[in-house]
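[1] the amino acid sequence is not available; the structure is as follows:
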């Protein structure tokens, strides 16, 4: 047996003379590994930055948030006993400019200790403490949209403030979560003068605490909760200062990683084709080594070392690009990201990406490489006209082990293993369908009657002749066309949901905090301005779920899957009748004059996630008081109509003792919107008016960014599919050269040869078009309905044109690959037989 150093020397010299055949392997592995490493590094970079800046993002080491109330004196004493507290109050309010224009804003009142971490920066420089009495700091958007200047005035509620500065950086901005308007900050002592907080007003009090250096935030939170069991607060600590942002980034990162893995698996097919093409070109060298006495194992090791060297180089290059991606993406699209990740190496995603690359290379390169062991030297010389490769049991076991390791790695590193497993299962099913279709095409072509037209007969024969690359071409074309259809259907469905469905059905305004005693006055004012106005008004409270089916939420080690209703506080309401946009699917609605014990109707999907059944109990904490109700019914809710939809609807009388206000949706003709946008804030200073077009704009921006991220990741899969197509063409190049030469000797012209191959690709494209349409629409349906929870409404024209364009591109790639074959010289080709 030759030593490894000798085998490597032979492999290196041979590789140096002709590496061309392995370029496809390098490109495929580079694309897949770079995509996976970039997605993993970016996700790790953002989550690490969120964790590193947790104290600043949260505004403290631990935060206690209370809906619709401020902490009691006893609770404040409890906060002081564990560290240094800082109090803030946050609510939505209308900013009124001197000229009469008004804009919904997020008004934030802070105390003298704010911020505990980080620094508040204005355009004029850093500031400490609160704005001086009667002064306000406003966001840049607020200043721009209302044309406000430093030194000017702006009114909130019944209080006029002097603008003392424009906010350049709010340290805890990300921890505040989603906002519907620009921020404005005042001192906590000025808040009562605004008269915005009335009994029942919707606001949130947050108490951030700086803990001693050796304190454990989680233990401190549990101890204080045990001291005040009825407080009903939500606790967040510095390890996860922006939980919603982190969950979104991790879930989106997982989905994009799976898309990247699919791209790498697709690229793996290109790896196999590239290796097969390379070894076909090395046939004389393989035969020569065997004639000179090298055994099959030595030949396998020599070319295995070559493939391993190229694969390692491609994987290394992909890892370098992936490691640099967070910094590059942060520089290009930093404003889109929640935080801009700094330059750092994140070993885990790089290691995982490298492992994927090596396993893919092994799984797809081993079959054509191992097949050379079983072919004698004479067979190698005449392999052009012999059958396909033979794979032994050891190779099958090795490939199966590699594929099983890929699945195990994907599931083991996933945030949601079941989702990862289903995604991988769908990808494997797609590949099996395409492989089966390739076999079916070959079998059908071999049994169908021979066409009378010579070129068509030759094109059909090319589909099933010995050594035909029909299977590889079907997989390559099918993957590419399926991905084209999937992307087009996703993009057009999202566009349809936003551009058509929402605006047609959405109201003009949401109005919050309408005093209960002024509901008649509010309705009359709207109807006077627009007689055909539609006003829907319901009670509104905030509270958190504390118990369901006898289980205390604060005692759960992990929330049930899909039980987002248990996170934080949320909107509650009561109604004598079934709300608009809801459909009863279980149980019975209470009578309109019901006066019995509290009952609750629960949205169907939420009820399923909590395992609720009719008659189970569910408790909520409202203003520090726990209310237990019995589940009376389940509903489906039409969320996308921008109406007043609530997960939990209680029976009348449940919250009579709790102070609360009303919320309303107002639908008026466009010509009446401007007048009401001015008159409502003036007539009801404590109310907040939300223009639906602003909400639609924010949602559109967010969903557009998400769909662009999906499209970017899927584009890599499309590139990998193109690489697979090129590899399939390259793998069959030598056979097609000989076919071309024989046809020329028999009198065929270049146009006839090219026409026959064009017909072959056209037949495949036509067959695969219908399958790709079905598979692509199925994949898009899953993404749109399950990931985005939208209705599936692809544009048939766009999808059809995209399919035709993809088929045309694939056809042109096939023809471009066939063009060089026409210049093959018969004498040279025949001498190499």
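    Nice, thanks for sending it over. These figures come from a predicted structure and were not determined experimentally. Numbering: from 1, shown residues only.

[2] so what does the strand ranked longest in the chain touch, helix or strand wise?
    Looking across the chain with DSSP state E, the single longest strand is strand 534-548. For strand 534-548, the packing partners by 3 or more C-beta pairs under 8 Å, 6 or more residues apart in numbering; DSSP states H and E come out as strand 62-67, helix 519-529, strand 570-574, strand 617-622, strand 625-637, strand 661-667. (C-beta placed from N, C-alpha, C; glycine too.)

[3] what is the mean pLDDT for the first one?
    The reference is to strand 62-67. Averaging pLDDT along strand 62-67 yields 89.

[4] what's the answer for the fourth one, then?
    The predicted model assigns strand 617-622 a mean pLDDT of 92.

[5] begin at 15, not 1, for the rest of this chat.
    Right, with 15 as the first residue, what we last looked at is strand 631-636.

[6] helices and strands around it, which ones?
    strand 548-562, strand 639-651.

[7] most packed of those?
    Highest mean neighbour count of the helices and strands packed on strand 631-636: strand 548-562, a mean of 20 (counted as mean count of other C-beta atoms under 10 Å).

[8] partner strands of it, with direction?
    Paired with strand 548-562 in the same sheet, following DSSP bridges, are strand 565-566 (antiparallel), strand 584-588 (antiparallel), strand 631-636 (antiparallel), strand 675-681 (antiparallel).

[9] got the contact list for residue 115?
    160, 692 (C-beta atoms under 8 Å, 6 or more residues apart in numbering).

[10] what average pLDDT does whichever strand or helix holds residue 236 get?
    Assessed by DSSP states H and E, residue 236 sits inside helix 231-241. Averaging pLDDT along helix 231-241 gives 88.

[11] do the same with stretch 589-601
    Mean pLDDT, stretch 589-601: 89.

[12] any residues touching that stretch, and which ones?
    550, 552-553, 587, 603-608, 615, 618, 628, 645-652, 655, 657-660, 663, 666.

[13] mind checking the SS state of residue 824?
    Classification of residue 824 by DSSP: H, G, I helix; E, B strand; the rest coil places it in helix.

[14] counting neighbours, what do you get for it?
    Residues near residue 824, counting by other C-beta atoms under 10 Å, number 24.

[15] how near is the closest residue to residue 51 other than its chain neighbours to residue 420?
    Among residues not flanking residue 51 along the chain, residue 336 sits closest, at 2.2 Å (C-beta to C-beta, 6 or more residues apart in numbering). As judged by C-beta to C-beta, to the nearest Å, residue 336 and residue 420 stand 18 Å apart.

[16] the more surrounded of those two?
    It is residue 336, of residue 336 and residue 420, that has more neighbours when counted by other C-beta under 10 Å, with 25 against 21.

[17] per-residue confidence for the more buried one?
    87.

[18] do the same with residue 846
    55.

[19] for residue 103, phi and psi?
    The phi/psi pair for residue 103 (degrees, to the nearest 10) reads phi -130, psi 130.

[20] rewinding a little: that's a helix at the residue nearest to residue 51, yeah?
    Yes: per three-state DSSP, residue 336 lies within a helix segment.

[21] now the terminal residues of stretch 620-631, how far apart.
    The first residue of stretch 620-631 is 14 Å away from its last residue (C-alpha to C-alpha, to the nearest Å).

[22] got a list of contacts for it?
    Stretch 620-631 is contacted from outside by 561-564, 574-580, 600-601, 616, 632, 642-648, 661, using C-beta under 8 Å, 6+ apart.

[23] 6 Å - rerun?
    Stretch 620-631 has contacts (C-beta atoms under 6 Å, 6 or more residues apart in numbering) with 562-563, 574, 576-577, 579, 601, 616, 642, 645, 648, 661.

[24] next one: stretch 465-478
    456, 459-460, 464, 484, 769-770, 773-774.

[25] PyMOL command for the buried members of these?
    Under the burial definition 16 or more other C-beta atoms under 10 Å, those of these that qualify are selected in PyMOL by:
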select buried, resi 456+459+484+769+770+773+774
